[in-house]
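Participant: got a predicted structure plus its sequence, pasted below:
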Amino acid sequence: MLTHGAKFSCPQTGKKSFEATSKAFPLNDSFRYNRLNMNAIFIGTDGKLRSGWRAAVFLLAFFLVASILIVISINAIALMPLDDSETAQLPIIIPFAVLTVVALVIGWLCAKFFEKLPYHSLGASLKNNWLAHLASGLAVGAVTFLLAIIIVLASGSMSFSFNAASATNAIATTLLTTFVIFTVGAASEEALFRGYLLQTFARSDLKWFGIAMTSVLFAFAHNANPGANPLALANTLLAGVWFAVAYFKTRDLWFPFGVHLAWNWLQGPVFGISVSGITGFAPDPLLRANDVGPAWLTGANYGIEGGGACTVAIILSLALIRLLPIKTHHTET
């Protein structure tokens, strides 16, 4: 056995030939150094779990809990004694609503336990001019969509006519039900992609990394949509940046939510254009679109989100958001 500080001498000379000190065997220092290095992988200089791990925990918990609850809710809907007209939209609305709640609750729990932050740090509370931010978002989303429409109208690529083939009640029903669908749809995507996932990176001075990562994930989530193509996915990624910039303008989710909702609702049930390649949401839109191309400008079957008109409109809207005289509220405290 070796004991700390033991000395050994040469039997012939009696001179000290070796001293087992901490300098000769720096085992404790080496262990401490390795442990510090290991801790640094997980814990930042602020003493908190690093943002990458926080994001990973959030995503894992979100997908696990959301998957279980969606399966339960869909099976519960199937057992309800309701006719088809009453249940037709529930399999769409309920999962979106579940995703919204799960994203907000898991985000709040992660913010609380990892960063000691309250629920309102997510920017989903009814405070700090939330209604004004929502109204501003709806206005920006509407103006941006109309810019895209002006581009395709000016080029002669698309035209619109009133939907005379559908009854007034059918059109009104489409406008109302799709408003609910797009409300929960926009809420779920903003809560997931612009909620805790983006915000936790921003708090670690990784704002642009967070924007890039969440925008890529946002585009990937639309990859399987009907008619998806490289330009459509590029525009969806650009839209992710657009919504993220909208979030950082006000530091709450109400502004990007309003932008997102207005864009989707006007596109589908009002103007009769496919929304990210999906047409089933709005069987009786207010207007009927006549698309004569070219597809690179109008987006063809994917809808205007798959064309160059959308690209130009979103770029102009990014500049518009930057110039808006909206006061930022730092809710992440």
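Facilitator: Happy to help now that I have it.
Participant: when you work out contacts or count neighbours from here on, use the C-alpha atoms and nothing else.
Facilitator: Will do.
Participant: and Phe113, how many neighbours does it have?
Facilitator: By other CA atoms under 10 Å, 12 other residues sit near Phe113.
Participant: gap between it and Lys249?
Facilitator: Distance check for Phe113 against Lys249: by CA to CA, to the nearest Å, it reads 26 Å.
Participant: strands along the stretch 201-333 of the chain, start to end?
Facilitator: In the stretch 201-333 of the chain, the segments counted as strands under DSSP state E, counting those that start in this stretch are 287-291.
Participant: for the spatially most central residue of the chain, what are its contacts?
Facilitator: The centroid of the chain falls nearest to Phe193 when counting by CA atoms, centre = their mean (1.4 Å). Contact analysis of Phe193 by CA atoms under 8 Å, 6 or more residues apart in numbering lists 214-215, 217-218.
Participant: mean confidence (pLDDT) on the helix or strand Phe62 falls within, please.
Facilitator: Assigned by DSSP states H and E, Phe62 belongs to helix 51-78. Average pLDDT, helix 51-78: 94.
Participant: swap in stretch 178-189?
Facilitator: On average, the pLDDT along stretch 178-189 is 96.
Participant: measure how far that stretch is from the centre of its chain, please.
Facilitator: Distance of stretch 178-189 from its chain centroid, counting by CA atoms, centre = their mean, to the nearest Å, is 13 Å.
Participant: wait, a strand at Ser159?
Facilitator: Yes: assigned with DSSP: H, G, I helix; E, B strand; the rest coil, Ser159 falls within a strand.
Participant: does it touch Ala289 like I think?
Facilitator: Yes: judged on CA atoms under 8 Å, Ser159 makes contact with Ala289 at a distance of 5.9 Å.
Participant: between these two, which one's more packed in?
Facilitator: Ala289 (18 against 15).
Participant: how close does that one sit to Ser157?
Facilitator: When Ala289 is compared with Ser157 (using CA to CA), they lie 10 Å apart.
Participant: now do Ile43
Facilitator: Plainly put, Ile43 is 55 Å away from Ser157 if you go by CA to CA.
Participant: swap in Gly272?
Facilitator: Gly272 sits 15 Å away from Ser157, taking CA to CA as the criterion.
Participant: between those two, who's got more neighbours?
Facilitator: Gly272 (25 against 17).
Participant: now for the more buried one: which residues touch it?
Facilitator: 282, 285-289.
Participant: by neighbours, which of the residues you listed wins?
Facilitator: Going by other CA under 10 Å, Pro285 tops the contacts of Gly272 with 26 neighbours.
Participant: so that residue makes contact with Pro269?
Facilitator: Yes: counting by CA under 8 Å, Pro269 is a contact partner of Pro285 at 4.3 Å.
Participant: list residues touching both of those two?
Facilitator: 174-175.
Participant: pull the distance from stretch 213-225 to the chain's centre.
Facilitator: Its chain's C-alpha centre and that of stretch 213-225 lie 9 Å apart, by CA atoms, centre = their mean.
Participant: just the buried residues of that stretch, please?
Facilitator: Buried residues in stretch 213-225, defined by neighbour count with 16 or more other CA atoms under 10 Å: 213-219, 222-223, 225.
Participant: thanks again, I'm all set now.
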